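Peer 1: predicted model and sequence below, questions to follow.
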Amino acid sequence: MKVHTFESKIWLPHPIDGIFLFFADALNLERITPPFLKFTVISPTPITMARGARIRYRLRLRGTAIADHVEYSVWGGPIVNALFVQRDMRAIFNYRSRTLSELFAVAKHA
């Protein structure tokens, strides 16, 4: 099996503890995935986020139903978080990056 690696970084000007609380709830993946994909977590919940945690999901892409999973190969709380993603999902991660920036944006004027 050929393995592809996709890396992405995003700066979220928000306390790290709040960001990791957000990601500790796997159902938030539904919240940060483009709505047109009809992304749904199908793993039994609650999902305990830890090394080796697998999140099974279903989505629709151009009318085709896709079921896959994300496996957290490393989970180090607020220090380390690496994903092993089995499909090229660059566009989804770009959308998530923009959505997270909006969700965790700090107001310039309080």
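Peer 2: Thanks, I have the structure now.
Peer 1: just the strands in this structure please.
Peer 2: Ranges of strands within the chain are 40-41, 54-61, 64-76, 80-85, based on DSSP state E.
Peer 1: worst mean pLDDT among the ones you listed?
Peer 2: By mean pLDDT, the lowest-scoring of these turns out to be strand 80-85, with a mean of 42.
Peer 1: residue 22 is in contact with residue 28, correct?
Peer 2: Yes. Using Cβ atoms under 8 Å, residue 28 is in contact with residue 22, at 5.5 Å. For glycine as for every other residue, the C-beta is placed from the backbone atoms N, C-alpha and C.
Peer 1: just grab the bridge partners of residue 68 for me.
Peer 2: Assessed by DSSP bridges, residue 68 has beta-bridge partners residue 57.
Peer 1: quick check: it vs residue 17, distance?
Peer 2: Using Cβ to Cβ, to the nearest Å, residue 68 is found at 30 Å from residue 17.
Peer 1: for the protein, give me the ranges with low pLDDT.
Peer 2: Residues of the chain that meet the criterion pLDDT under 70 lie in 4, 6, 73-91, 106-110.
Peer 1: how about the most centrally placed residue in the chain, what does it touch?
Peer 2: With distances taken as Cα atoms, centre = their mean, the residue of the chain nearest its centroid is residue 29 (4.9 Å). Residue 29 sits next to 39, 41, 55, 57, 70 when contact means Cβ atoms under 8 Å, 6 or more residues apart in numbering.
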